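Novice: Please find the sequence and the predicted model below.
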Amino acid sequence: MASAPDITIKQPPRIAVIFPGQGSQAVGMTTELAEIYPEIHATFAEASAALGEDLWAICQDEERLNQTQYTQPALLTTSIAIWRILQTKLDKAPLYLSGHSLGEYSALCAAGVITFSDAIRLVHKRGQLMQEAVIGIDTAMAAVLGLEDHRVETLCEQATEHVDGAVVNAANFNSPGQVVVSGNVAGVTAVIDKVQNTGKKAIPLKVSVPSHCALMQPASSALAEALAAIKFDQAHIPVIQNRHARVETSALGIKKALTEQLSEPVLWSQTMEELADKQINLLIECGSGNVLTNLAKRQAHPIVSYPVDKPTRLDKLIEVLS
């Protein structure tokens, strides 16, 4: 069972809830919470009905869970199930919501912009479109460590210009000194070589699709059509989106940001700076794992972050808040 480290929360707490994206999935996620909270199985049953697949069973099967069209609804369901528990525990709603890449759909669902069933079907479609966009293409992603954002962007531009057939873009600005690059194998390999020549590290990532790069433009166009068919409501809680690290208020603006997000970079560091500017002093990571909590420690203006994916972690947070 996961331990719950000590945390210190500034008073009064100014809370934002953040939702993780692809890469945070784990076989059996939410199993411990499901033993205590009926919201877990109820939410998975609702998602399974919308998807036409047994999503709980998929979460126990590593091979299927790691297929993008299932990873995305599984992570969304996990986040919303935990969000529903969290709502019963918090005295008042958080001031802001945000989600990393796929997690943005969880944030919009939690904010009441999109219904849960629509969100499940939408991210399932999103996963399918992403996979279809790169059929027959050898793709890759890598995490570049220790270089400034602009230097990584320059290396991507150089690889694209000077290596035949190379496609590579800066995909995720995760924290100062950590930028993920994404594209085809030729492009990503060229960037890895260039990074190593600077004496810094570039670590290949195990992924099924290269998110947030030019290769996703066909998927982005198709996603726009899917989004156009779905009703978006006004947000009950402001959502800071990845595209420009700001709150979009109109349905058209939100959909446009979601469409562009698929082939444009995730501005996570910038989102964290925006939350710091808004004097947020506590982040609650609502979903599987603690990837975003670890990234929060590395920001230019760190905000205390706490995951709630295990009963011990959730109980500790509520104890401190109360």
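Specialist: The structure has been received and is ready for your questions.

Novice: burial measure for the nearest residue in space to residue 279 that is not next to it in sequence, as a count.
Specialist: Nearest non-adjacent residue to residue 279, counting by Cβ to Cβ, 6 or more residues apart in numbering: residue 14, 5.6 Å away. For every residue, glycine as well, the C-beta is placed using N, CA and C. The number of residues packed near residue 14 is 17, by other Cβ atoms under 10 Å.

Novice: quick one: contacts for residue 14?
Specialist: By Cβ atoms under 8 Å, 6 or more residues apart in numbering, the residues touching residue 14 are 95, 278, 279, 280, 281, 282.

Novice: now the helices for the chain?
Specialist: In the chain, the helices defined using DSSP state H lie at 31-34, 38-51, 55-58, 62-65, 68-89, 103-110, 116-133, 149-162, 185-197, 217-228, 251-261, 268-277, 291-296, 311-321.

Novice: if you compare the ones you listed, which one is most tucked away?
Specialist: Looking across the helices of the chain with neighbours counted as mean count of other Cβ atoms under 10 Å, the highest average goes to helix 103-110: a mean of 28.

Novice: next one: it to chain centre, how far?
Specialist: Distance, stretch centre to chain centre, for helix 103-110: 9 Å (Cα atoms, centre = their mean, to the nearest Å).

Novice: for stretch 122-135, same thing?
Specialist: Centroid separation for stretch 122-135 versus its chain: 16 Å, with Cα atoms, centre = their mean.

Novice: quick check: mean pLDDT across it?
Specialist: Stretch 122-135 shows a mean pLDDT of 96 in the predicted model.

Novice: ok, now stretch 77-88?
Specialist: 98.

Novice: Would you mind extracting the C-alpha trace of that stretch into CSV?
Specialist: Taking Å, rounded to 0.1, in the frame of the first residue of the first chain, the C-alpha atoms of stretch 77-88 are listed here in CSV:
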residue,chain,number,x,y,z
THR,A,77,-12.6,7.2,-16.1
THR,A,78,-10.1,6.8,-13.3
SER,A,79,-9.8,10.6,-13.0
ILE,A,80,-13.5,11.2,-12.9
ALA,A,81,-14.1,8.4,-10.4
ILE,A,82,-11.6,9.9,-8.1
TRP,A,83,-13.0,13.4,-8.8
ARG,A,84,-16.4,12.2,-7.7
ILE,A,85,-14.9,11.0,-4.4
LEU,A,86,-12.9,14.2,-3.9
GLN,A,87,-16.1,16.3,-4.4
THR,A,88,-17.6,14.6,-1.3
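
Novice: Just the residues contacting that stretch, thanks.
Specialist: Contacts to stretch 77-88, defined as Cβ under 8 Å, 6+ apart, come from residues 17, 19-20, 29-30, 33, 37, 39-40, 42-44, 47, 55, 59, 99, 103, 106, 109-110, 116, 119-120, 284, 286-288, 308-309, 314.

Novice: ok, back up a step: adding distance to residue 178, write the helices of the chain out as a markdown table.
Specialist: A markdown table is the format used below for the helices of the chain (distance: least, Cβ to Cβ, whole Å):
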| stretch | distance to residue 178 |
| --- | --- |
| helix 31-34 | 29 |
| helix 38-51 | 31 |
| helix 55-58 | 30 |
| helix 62-65 | 25 |
| helix 68-89 | 21 |
| helix 103-110 | 17 |
| helix 116-133 | 22 |
| helix 149-162 | 10 |
| helix 185-197 | 12 |
| helix 217-228 | 24 |
| helix 251-261 | 19 |
| helix 268-277 | 8 |
| helix 291-296 | 8 |
| helix 311-321 | 24 |
